[in-house]
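**Student:** Structure, please.
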Amino acid sequence: MPLEVDIVISPEKLNEDSSIIQALHQKVGGLNIESYKIIKRSIDARQSQIKYQLRVEVFQKGEKTSVADNNVLSVTDVSNSKKSVVIIGSGPAGLFAAIRCIELGMKPIVIERGKKVRERRRDLAAINKEHIVNPESNYCFGEGGAGTYSDGKLYTRSTKRGDVQSVLKKFVHFGASEDILIDAHPHIGTNKLPAIIEAMRDFIISFGGEIHFNTKVVDMNLKDNRITSVKCSDGREINGDDFILATGHSARDIFILLDRKKILIEFKSFALGVRAEHRQSIIDQAMYRCEERPDFLPPAAYSLVEQVDGRGVYSFCMCPGGIIAPCATEQDEVVTNGWSPSKRNNPWANSGIVVPVHWEDIPEYHHHGALAGMMFQKDVEQKCWEAAGKTQATPAQRMMDFVNNKLSKDLPEVSYQPGIVSIKLDEVLPAFIAERLRKGFVLFGKKMKGYYTNDAVLVAPESRTSSPVRIPRDKELYHHPEIINLYPCGEGAGYAGGIVSAAIDGEKLAAAILKKNSPRILQ
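**Tutor:** Okay, the predicted model is just below:
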């Protein structure tokens, strides 16, 4: 049996076999090492001397080295399957649900309102350069979903929800680096994800699944508490046995449709705030306690949280070496998010800094019922659009100017391509959020040297942190409590928070559908 050994090693020696073997011998004496394999890797910058923590699988003389599992997927063609599952949305929840359907012998029919992943690039360029938002194809909508062009972070705390490693292995199977299997905070990068998404699409189609692009669901036909078909914007009706709703947290038209059809939905708390951008060198100095980051260390990341007036203020979706992107889904709104390329080699670091929004915070929106949070969110985004001249430029303020309620006379260079406009962010942010953010930035500065600085800029809003609506489902069977063949899935339904957890949820719902129809299977 191979041994698992935890060791620490300096960053400059991370790729030296002799140094790793020496550390293994020091940790466990008497080893007769044939080979080793790193199975977990994380950086520890808590002390002045930075170290990598490694978990290493050690094979001694005479032991067989483990062979990579190439049988990640076991499938047959489902072209003629009697069981069809309509999947609305081709983000990670929808794609992994479709792949799992094929594994289980069911035919997936994927409906995607947006374009193929490569074709989306023209629409992203139009937002950045011409301030034109295509409501069906943007950073949020299109093949691969929001995560494809906003970073591809794969870190999740959702280990209790399913098999994280299985999802990561599938990403590797479709072209991701094997590094994601061992890194504590795995990341693919926006530049590499499109090819992986295309490989998933080719797999689904080659094994008998269907994918329909530029196909927007506009209505549902219901009979006896079941969906019989969905109506699409091009006039087609698509039939299926079961329906997985995996439309993401920004598909407001779907929330409105469900509300109009009197299909039960609920308000869900979410978070809203700003995106803070520093020079990456400031973050490196703060985290690594050095004047200049050496080449053998990756661009530093941070995670911050403080309790302010009984509410958390925290960092969200931190992007080292990243870029702030315009993520509006309608022309008359401004939305920001962040992403990093695989090398994380841009000169800026950005992160959402947000405050939770609860039902009691927005009494003036209660008449919207379950859509109260969505309407509040939308109003903030529209205020930002109007304040910035009705363009995709974003309201901005230097960090210390914001804390001191002072209009910034000038603004630093930033990564946000559509541009920034100097505005007091109080004009666009609700007071209960702005006041907590002010106090939070001061506290962050005490915790992290150099963070609280007027060289940092804040842009607004960071508003699409999670869905403002939850679509309820049975805790054991996972279908909607009223519509028994509707399976709310992923971030948009309120059951995931990122690529991996959404993928896990998609797989879980595909398995639940099979178990419902073939209860002896999967037991």
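
**Student:** longest single strand anywhere in the chain?
**Tutor:** In terms of residue count, the longest strand belonging to the chain (DSSP state E) is strand 33-44.

**Student:** and residue 314, what does it touch?
**Tutor:** Contacts for residue 314 (C-beta atoms under 8 Å, 6 or more residues apart in numbering) come out as 271, 304, 305, 306, 353, 354. Where C-beta positions appear, they are placed from N, C-alpha and C, glycine not excepted.

**Student:** Drop anything exposed from these.
**Tutor:** In those, burial by neighbour count holds for 271, 304, 306, 353, 354, counting by 16 or more other C-beta atoms under 10 Å.

**Student:** quick one: which of these is nearest residue 366?
**Tutor:** residue 271 (19.4 Å; C-beta to C-beta).

**Student:** sorry, back to before: so for the longest strand of the chain, what gets flagged as buried?
**Tutor:** Buried positions in strand 33-44, judged by neighbour count with 16+ other C-beta under 10 Å: 33, 36, 38, 41, 43.

**Student:** and the gap between the first one and residue 25?
**Tutor:** It stands for residue 33. Per C-beta to C-beta, to the nearest Å, residue 33 is found 8 Å from residue 25.

**Student:** on that earlier part again, can you list contacts of the longest strand of the chain?
**Tutor:** Residues contacting strand 33-44 (C-beta under 8 Å, 6+ apart): 4, 8, 11, 20-21, 24-25, 50-63, 65-66, 181-185, 297-298.

**Student:** any idea where the strands of the stretch 351-500 of the chain begin and end?
**Tutor:** Using DSSP state E, counting those that start in this stretch, the strands of the stretch 351-500 of the chain run over 394-398, 420-422, 457-462, 469-470, 486-488.

**Student:** What helices and strands are in contact with the fourth one?
**Tutor:** Applying 3 or more C-beta pairs under 8 Å, 6 or more residues apart in numbering; DSSP states H and E, one finds that strand 469-470 contacts strand 266-267.

**Student:** how does it look with 10 Å?
**Tutor:** In terms of contacts (3 or more C-beta pairs under 10 Å, 6 or more residues apart in numbering; DSSP states H and E), strand 469-470 is packed against helix 252-260, strand 266-267, helix 372-387, helix 490-493.

**Student:** Redo the buried residues of strand 33-44 as CSV? Include pLDDT and distance to residue 117.
**Tutor:** Listed next are the buried residues of strand 33-44 as CSV, based on pLDDT from 0 to 100; distance: C-beta to C-beta, whole Å:
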residue, pLDDT, distance to residue 117
33, 89, 44
36, 92, 37
38, 94, 31
41, 94, 29
43, 92, 31
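
**Student:** Now the residue nearest in space to the middle of the chain: closest residue in space that isn't a chain neighbour?
**Tutor:** By C-alpha atoms, centre = their mean, the chain has its centre lying nearest to residue 498, at 3.3 Å. Nearest non-adjacent residue to residue 498, counting by C-beta to C-beta, 6 or more residues apart in numbering: residue 156, 5.5 Å away.

**Student:** can you check residue 49 too?
**Tutor:** Looking at residue 49 with C-beta to C-beta, 6+ apart, the closest residue is residue 10, at 7.7 Å.

**Student:** wait, the one you found sits on residue 47?
**Tutor:** No: if you go by C-beta atoms under 10 Å, residue 10 and residue 47 don't touch, sitting 11.9 Å apart.

**Student:** These two: which is more packed in?
**Tutor:** residue 10 (14 against 8; other C-beta atoms under 10 Å).

**Student:** where's that one relative to residue 320, distance?
**Tutor:** According to C-beta to C-beta, residue 10 and residue 320 sit 21 Å apart.

**Student:** nearest to residue 503, of the buried ones among the contacts of residue 314?
**Tutor:** Proximity of these to residue 503 (C-beta to C-beta) peaks at residue 271, which lies at 22.1 Å.

**Student:** need the contact list for that closest one.
**Tutor:** Counting by C-beta atoms under 10 Å, 6 or more residues apart in numbering, residue 271 touches 311-314, 316, 352-357, 433, 462-466, 468.

**Student:** Can you tell me which of those are buried?
**Tutor:** 311, 313-314, 316, 352-357, 433, 462-466, 468.

**Student:** Return the subset of those residues lying in helices.
**Tutor:** residue 433 (DSSP state H).

**Student:** Scan this structure for its longest helix.
**Tutor:** helix 499-517.

**Student:** which helices and strands sit right next to that one?
**Tutor:** Helix 499-517 packs on strand 84-88, helix 92-103, helix 164-173, strand 242-245, strand 486-488, helix 490-493, going by 3+ C-beta pairs under 10 Å, 6+ apart.

**Student:** rerun at 7 Å
**Tutor:** Packing partners of helix 499-517 (3 or more C-beta pairs under 7 Å, 6 or more residues apart in numbering; DSSP states H and E): helix 92-103, helix 164-173, helix 490-493.

**Student:** The second one - what's its average pLDDT?
**Tutor:** Spelled out, it's helix 164-173. For helix 164-173, the mean per-residue pLDDT is 93.

**Student:** I figured residue 277 was touching residue 348, is that so?
**Tutor:** Yes: using C-beta atoms under 7 Å, residue 277 makes contact with residue 348 at a distance of 5.3 Å.

**Student:** Find the residues that touch each one of the two.
**Tutor:** residue 415 (C-beta atoms under 7 Å, 6 or more residues apart in numbering).

**Student:** picking that back up, need the overlap of contacts for residue 10 and residue 47.
**Tutor:** Taking C-beta under 7 Å, 6+ apart as the contact rule, residue 10 and residue 47 touch no residue in common.

**Student:** Show the model's pLDDT score for residue 266.
**Tutor:** Per-residue pLDDT puts residue 266 at 98.

**Student:** That one pairs with what?
**Tutor:** residue 470 (DSSP bridges).

**Student:** for it, what are its contacts?
**Tutor:** Counting by C-beta under 7 Å, 6+ apart, residue 266 makes contact with 370, 469, 470, 472.

**Student:** Same question for residue 350.
**Tutor:** 275, 276, 277, 319, 322, 324, 338, 415.

**Student:** in what helix or strand does it lie?
**Tutor:** Residue 350 is part of strand 348-357, with elements assigned from DSSP states H and E.

**Student:** So for residue 69, what's the pLDDT?
**Tutor:** With respect to pLDDT, residue 69 has a value of 59.

**Student:** residues in contact with stretch 98-111?
**Tutor:** By C-beta under 7 Å, 6+ apart, stretch 98-111 touches 73-76, 78, 81, 83-88, 90, 94, 170, 200, 203-204, 207-212, 215, 217, 232, 238, 240, 506-507, 510-511, 514.

**Student:** can you list contacts of stretch 433-440?
**Tutor:** For stretch 433-440, contacts defined as C-beta under 7 Å, 6+ apart pick out 272-274, 306, 308-309, 311, 313, 353, 355, 402-403, 425-426.

**Student:** Please repeat the previous calculation with a cut-off of 10 Å.
**Tutor:** With C-beta under 10 Å, 6+ apart as the test, stretch 433-440 has contacts from 271-274, 276, 304-315, 353-357, 361, 380, 399, 402-405, 424-429, 458, 460-461.

**Student:** Let me see the mean pLDDT of it.
**Tutor:** On average, stretch 433-440 scores 98.

**Student:** residues contacting residue 166?
**Tutor:** 72, 96, 503, 504, 507.

**Student:** tell me the domain ranges of this protein?
**Tutor:** Domain assignment for the chain, taken from automatic domain parsing, gives 3-60, 84-266+469-517, 269-462.
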